[in-house]
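A.B. asks: Here is a sequence together with a model predicted from it:
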Amino acid sequence: MIPALLAAAPALPLGEAGKYVAGAFCAFVAIVVIYVAIMAVRLQRMNRELDELSATLREREQAERAETTR
């Protein structure tokens, strides 16, 4: 059924359709690149915040150990 439907669907001539296909592909690739860049920035920010939290936790643990040994 699907092959018959595809065979009956009108198609653009290859020369004219190629421009649209190339444009759609370029737009898709641009969106993917922008998305990956945004995710990379968010990942860097999260890693930086995690490092800061780890350092704060280490400082607190050291302070608690110093108080308990007194």
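C.D. replies: Everything's here; your move.
A.B. asks: Give the next helix or strand downstream of the lowest-mean-pLDDT helix or strand in the chain.
C.D. replies: Of the helices and strands making up the chain, the lowest-confidence element is helix 2-8, at a mean of 62, by mean pLDDT, DSSP states H and E. Scanning forward in sequence from helix 2-8 by DSSP states H and E, the next helix or strand is helix 14-69.
A.B. asks: And that following helix, what does it pack against?
C.D. replies: The contact analysis (3 or more Cβ pairs under 8 Å, 6 or more residues apart in numbering; DSSP states H and E) places helix 14-69 against no helix or strand. The way it works is simple: take the backbone N, C-alpha and C, and place the C-beta from them, glycine included.
A.B. asks: for this protein, what are the low-confidence residue spans?
C.D. replies: 1-15 (pLDDT under 70).
A.B. asks: A17: how many residues sit nearby?
C.D. replies: Using other Cβ atoms under 10 Å, A17 is surrounded by 11 other residues.
A.B. asks: again, but for E59
C.D. replies: Residues contacting E59 under the criterion other Cβ under 10 Å number 10.
A.B. asks: how close does it get to F28?
C.D. replies: Going from E59 to F28 by Cβ to Cβ, to the nearest Å gives 47 Å.
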